[in-house]
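Chemist: Sharing a model prediction with you, sequence too.
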Amino acid sequence: RARAMQHTLPPYEMLPAEVSMEEMPRSTTVTLEEPQPQPPPRDHLVWSLFTTLYGNFCCLGLLAFVFSVKSRDRKVLGDYSGALSYGSTAKCLNITALVINILIVVIVIIVVSLLLAGVFHHSPPQYGQNNFYGPT
């Protein structure tokens, strides 16, 4: 039985005399790293809810909320690419609604401040000073 094992083992080779054992590596270490799990994609549900409640211009907030719910459903099912797609659509809709709402607020502030400053002061035409309505 011992002779049968010797035949199955690879042949032993002698090291050359000029090679010392101190120069040879003592052992080989192989490290295997497990791939880091990807964080789940964001669904922006809370942002979409606030956009729906406080800045629903042209129903963009409602659409963002629908896409956020779809993203959360895809995430629960394990479809991370679908969740990422729906989540990015919800993010774009939220950003668009936010920019439009900021522009509306800025325009309203400018118009109100100009009205209070009297820039749009409307005075009725005074008769007698124009050549069009004067006595003939």
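Modeler: Okay, I see it.
Chemist: From now on I want contacts and neighbour counts done on CA atoms only, so please keep to that.
Modeler: OK.
Chemist: What's the mean pLDDT across stretch 32-48?
Modeler: Stretch 32-48 shows a mean pLDDT of 85.
Chemist: what does stretch 62-76 give?
Modeler: Rounded mean pLDDT across stretch 62-76 is 95.
Chemist: Beyond the lowest-mean-pLDDT helix or strand in the chain, next helix or strand please.
Modeler: Here the helix or strand of the chain ranked lowest by mean pLDDT, DSSP states H and E is helix 2-8, holding a mean of 54. Toward the C-terminus, helix 2-8 is succeeded by helix 45-54 as the next helix or strand (DSSP states H and E).
Chemist: Now that next one: buried residues?
Modeler: Across helix 45-54, burial judged by 16 or more other C-alpha atoms under 10 Å covers L45, W47, S48, L49, T51, T52.
Chemist: Return the closest of these with respect to L115.
Modeler: T51 (29.4 Å; C-alpha to C-alpha).
Chemist: Leaving out the residues flanking it, which one is nearest to the closest one?
Modeler: Distances taken as C-alpha to C-alpha, 6 or more residues apart in numbering place G61 nearest to T51, at 4.8 Å, with adjacent residues excluded.
Chemist: so the one you found, which of the three states?
Modeler: Classification of G61 by DSSP: H, G, I helix; E, B strand; the rest coil places it in helix.
Chemist: give the contact list for it.
Modeler: G61 sits next to S48, L49, F50, T51, T52, L53, G55, L93, N94, A97 when contact means C-alpha atoms under 8 Å, 6 or more residues apart in numbering.
Chemist: what separates the helix ranked longest in the chain from the chain centre, distance-wise?
Modeler: Counting residues, the longest helix found in the chain (DSSP state H) is helix 80-117. With C-alpha atoms, centre = their mean, to the nearest Å as the basis, helix 80-117 stands 16 Å off its chain's centre.
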